[in-house]
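**Student:** using only what follows, build the 3D model:
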Amino acid sequence: MSMIDDLIEPLEEDTIRGSLDHCIKCTICETYCPFANATPLFPGPKYVGPQAERFRDGGDHSPDMSLDYCSGCGICTQVCPQGVKIAEINSKARAKLWDERGIPLRNKILARPTLGGRLATPFAGPVNWALGNRLVRGLIERVAGVHRKAPLPRFAGRTFQSWARHHPSPLTDKTVVYFHGCSTNYFEPRLGEMAVAVLEHNGFRVIVPRQDCCGLPLQSNGSFDAARKYVRRLAGALAPYARRGHPIVATSTSCSLMLKREAREILDVTDPEVEEVGRQTYDICEFLLDLHDRGELEVDFDPLPMAVPYHAPCQQRGHGMGKPALDLFGLIPELRIEEIDVDCCGIAGTYGLKKEKYDISMSVGDRLFKTIEKLEPEVAACDSETCRWQITHGSGVVSVHPIELLYRSYGL
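**Tutor:** Sure, this is the predicted structure:
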């Protein structure tokens, strides 16, 4: 490590931990935290964050497990009027907690979606049957601690990467790189195909490099060392394109946030390749809205006469880019959008899959589910894959990525 790296690394750490001294104990974060309001097991982001962090000086570990009931949704950081990095402080402290106590095998498995995807894809039929069987799910709950009712996604039986390898690229001088993420590759390859079609309709050649997980599930479960390896490997695969100035476009708003910001702020990764990739990374709705603002988006949308409830997930709001999906929906004739004013669906990545947290997760999302149910729509829309699965599970209404509505309206 160079002398410059020695200076940068503690600076990143100080930026996060140093922000706790701005906490004035106003309890706004406590008021907005959906999980503190859903369970007494989590005493709130201020208590386990800035307040407890003052007693962790010198690397002392967290004294109790209440910290692990923080979902990492980031709402506390977003609403803090003093700019305290509460969620980031909590995430770092949770990693220290699991360093001391040992990460459970369940958490290690849930945090490696590519491993599960590679093993299960060739046997998707039997695996999906087993995951839908009540007796099997009951056994998994007892043995592995994954709740029997938790919304596990169905394996597609094919990968998006296999489709992309045989998809001919159009001849054009405009190029984007598609970062599809694990969920699109193993669970929702059709979403990837629609994203490519929308980008190609707007005149782009879409490059799909071979890629692995961004490390976000590992980070969320406290495995920081493993998460750093994943994000560095991913950045290494994408960096050559970033250096050429190609935009990197993602359909997973949580994974793109990992590349944009969280790898540096939470994992303290200061590699130049991660920096380069982060600067070139866009959420797909953010990218398309930027095109529209420059007068470069194709607006040949057909009418879509339907009412669709839309939920902006926590990680999407963490980008600080507004809600670009809503602006894009406004370009579609006859599409009526109902924005749902609910902070969180409760799933928080793998949080709501865990036996001890499932009921908390469903309680957090209850108002969202009931609001969508009352509207009785054909579909709901949401930018995050795990949130879509949770919304479908909790409301009974199929939830789709905003790109699917654009795809339909383009007539593709």
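**Student:** rest of the way, CA atoms for contacts and neighbours
**Tutor:** Will do.
**Student:** need the residue closest to the centroid of the protein.
**Tutor:** The residue lying closest to the centre of the chain (Cα atoms, centre = their mean) is Ser254, at 2.3 Å.
**Student:** that one belongs to a strand?
**Tutor:** No. Counting by DSSP: H, G, I helix; E, B strand; the rest coil, Ser254 is not part of a strand but helix.
**Student:** look up how far Ala38 lies from it.
**Tutor:** Going from Ser254 to Ala38 by Cα to Cα, to the nearest Å gives 23 Å.
**Student:** point out where the stretch 1-150 of the chain drops to low pLDDT.
**Tutor:** For the stretch 1-150 of the chain, the stretches flagged by pLDDT under 70 are 1-14, 57-63.
**Student:** show me what whichever strand or helix holds Asn185 is packed against.
**Tutor:** Taking DSSP states H and E as the definition, one finds Asn185 inside helix 181-186. For helix 181-186, the elements it packs on are helix 113-120, helix 160-165, helix 189-201, judged by 3 or more Cα pairs under 8 Å, 6 or more residues apart in numbering; DSSP states H and E.
**Student:** same list (the ones you listed) but as JSON lines, adding mean neighbour count and distance to Arg228.
**Tutor:** Output for the helices and strands packed on helix 181-186, formatted as JSON lines (neighbours: other Cα atoms under 10 Å; distance: least, Cα to Cα, whole Å):
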{"stretch": "helix 113-120", "mean neighbour count": "16", "distance to Arg228": "16"}
{"stretch": "helix 160-165", "mean neighbour count": "16", "distance to Arg228": "23"}
{"stretch": "helix 189-201", "mean neighbour count": "21", "distance to Arg228": "26"}
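**Student:** Val146 is nearest to which of the ones you listed?
**Tutor:** Val146 sits nearest to helix 113-120 of all the helices and strands packed on helix 181-186, at 14.5 Å, using Cα to Cα.
**Student:** quick one: that closest one to chain centroid distance?
**Tutor:** Counting by Cα atoms, centre = their mean, to the nearest Å, helix 113-120 is centred 18 Å from the centre of its parent chain.
**Student:** just checking, what packs against that helix?
**Tutor:** So helix 113-120, by 3+ Cα pairs under 8 Å, 6+ apart, packs with helix 181-186.
**Student:** which residues does the helix it packs on contact?
**Tutor:** The contact list for helix 181-186, computed with Cα atoms under 8 Å, 6 or more residues apart in numbering, reads 113-114, 117, 121, 155-161, 190-192, 211-214, 250-252, 255, 385.
**Student:** domain ranges for the protein?
**Tutor:** Domain ranges of the chain: 3-101, 301-410, per automatic domain parsing.
**Student:** which element is Ser363 on?
**Tutor:** Using DSSP H and E, Ser363 falls within helix 358-375.
**Student:** which residues touch stretch 82-100?
**Tutor:** Stretch 82-100 is contacted by residues 16-17, 19-20, 22-24, 45-46, 48-50, 53, 61-62, 67-68, 70, 72-77, 219-224, 265-267 when judged by Cα under 8 Å, 6+ apart.
**Student:** swap that for stretch 146-163, sorry
**Tutor:** 106, 117, 120-125, 127-128, 131, 134, 137-138, 140-141, 184-190, 192-193, 208, 210, 352-356, 358, 389-390, 393.
**Student:** which SS class is Gly322?
**Tutor:** Following three-state DSSP, Gly322 is assigned to coil.
**Student:** and it, how many neighbours does it have?
**Tutor:** 13 (other Cα atoms under 10 Å).
**Student:** do you know how far it is from Ala380?
**Tutor:** 19 Å.
**Student:** try Asn185
**Tutor:** Asn185 is 22 Å from Ala380, where distance means Cα to Cα.
**Student:** now do Thr172
**Tutor:** 34 Å.
**Student:** swap in Tyr241?
**Tutor:** For Tyr241, the distance to Ala380 equals 34 Å [Cα to Cα].
**Student:** so those two - more neighbours on which side?
**Tutor:** Taking neighbours as other Cα under 10 Å, Tyr241 and Ala380 compare with Ala380 leading, 26 against 20.
**Student:** skipping adjacent residues, who's closest to the more buried one in space?
**Tutor:** Excluding the flanking residues, the one nearest Ala380 by Cα to Cα, 6 or more residues apart in numbering is Ser399, at 4.4 Å.
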